[in-house]
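Visitor: everything below, folded, please.
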Amino acid sequence: MQSHQRNLFRKRTGLFSSNKNDSLHYLRSFLWVWLTFILALYASWMILAKADFLYGVWYDYAGIGEHIDHYAPQNRFRHGFEDTDADTRKQLFAGIVNAIHNHGEGLKELSYPHPTLPVRIPLLHKAEIDHLTDVALLLDFLKRLGWGLLLLWAALTTYLLMMKRSFPTAKLAWGNIGIGLLLLAAILVLYGPKQVFYQLHMWVFPANHHWFFYYQDSLMSTMMKAPDLFAYISTSLLLVGLIIFFLLIKLFNRHKTI
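Guide: Reported below is the predicted structural model:
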């Protein structure tokens, strides 16, 4: 009876095959689910990057325009940015997005018109350029990592298809991801989103490079309403990533063999 129940569980879940190496098959399925989710997030990043991470939406609905109008006049390094219009600000953000995805090229050239003279004012000062260059280097690393994970995912997926193994069911796939997201949510509640955001910066970026900027010292920080904008972007990335993950799980469950 117990043997029959175990076989029924395997059949319904698709997590294990009928051989004795249950632990190995569980490990493969667990790895496939998380690789699929990570790649879904990566695809989400690439999609939203093409749309400048919806900066135009957040600019209009998250108070970024008003935030710039309030803090830009207080900037100690640049002046006149409060006189720029919304289109100019959105184009400059798009320029930053393009630069950090192209090894930091073009950051020094970003500029906005002087309010009274026929000249242009550089948007970023050296510390800001250095930080965004660090971001570009990080993205270069993550891109290489993404390609490596894609190759691993493709190899594992090919193996499962060729060996006629069952893919994890949607229920188990969402269960695995749900546990991970609950753990992340618990960390954010325990330490606070801002503290987690700052701690990640301390771990990722060189210790002698500035990554924290007061609004009065940085148009970059002001026009991003940091760190608020990153909360909106993170939510968007997660939502789009979950949609892609759902579609992939649904697609591969169509190939499930029992």
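Visitor: which residues does Lys250 contact?
Guide: By C-beta atoms under 8 Å, 6 or more residues apart in numbering, Lys250 lies in contact with Ala170. Yep, even glycine has a C-beta here, placed from its N, CA and C like the rest.
Visitor: now Leu107, what's its secondary structure?
Guide: coil (DSSP: H, G, I helix; E, B strand; the rest coil).
Visitor: tally of neighbours for Gln199?
Guide: For Gln199, the count of nearby residues is 11 (other C-beta atoms under 10 Å).
Visitor: packing partners for whichever strand or helix holds it?
Guide: Taking DSSP states H and E as the definition, Gln199 sits inside helix 193-204. Counting contacts by 3 or more C-beta pairs under 8 Å, 6 or more residues apart in numbering; DSSP states H and E, helix 193-204 packs against helix 170-191.
Visitor: isn't Lys194 right up against Pro227?
Guide: Yes - using C-beta atoms under 8 Å, Lys194 and Pro227 qualify as a contacting pair, with a distance of 6.1 Å.
Visitor: check the gap between Thr88 and Ala94 for me.
Guide: Noted for Thr88: a distance of 11 Å to Ala94, by C-beta to C-beta, to the nearest Å.
Visitor: also Phe245?
Guide: 27 Å.
Visitor: look at those two and report which has more neighbours.
Guide: Higher neighbour count among Phe245 and Ala94: Phe245, with 22 against 16, using other C-beta under 10 Å.
Visitor: ramachandran angles for the more buried one?
Guide: With angles defined as degrees, to the nearest 10, Phe245 sits at phi -60, psi -50.
Visitor: do the same with Pro113
Guide: Per-residue torsions, Pro113: phi -70, psi 140 (degrees, to the nearest 10).
Visitor: next, count neighbours for it.
Guide: Residues contacting Pro113 under the criterion other C-beta under 10 Å number 15.
Visitor: report the contact partners of it.
Guide: Counting by C-beta under 8 Å, 6+ apart, Pro113 touches 84, 88, 119-121.
Visitor: mind saving the C-alpha coords of stretch 158-172 as CSV?
Guide: Taking Å, rounded to 0.1, in the frame of the first residue of the first chain, the C-alpha atoms of stretch 158-172 are listed here in CSV:
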residue,chain,number,x,y,z
THR,A,158,18.0,18.6,-23.2
TYR,A,159,18.9,15.8,-20.8
LEU,A,160,15.4,15.7,-19.3
LEU,A,161,13.8,15.7,-22.8
MET,A,162,16.1,13.1,-24.3
MET,A,163,15.8,10.8,-21.3
LYS,A,164,12.0,11.3,-21.3
ARG,A,165,12.1,12.6,-17.7
SER,A,166,9.1,14.4,-16.2
PHE,A,167,9.4,18.2,-15.6
PRO,A,168,8.3,19.5,-12.2
THR,A,169,4.6,20.3,-12.0
ALA,A,170,3.5,23.9,-11.7
LYS,A,171,2.5,23.2,-8.2
LEU,A,172,5.9,22.0,-7.1
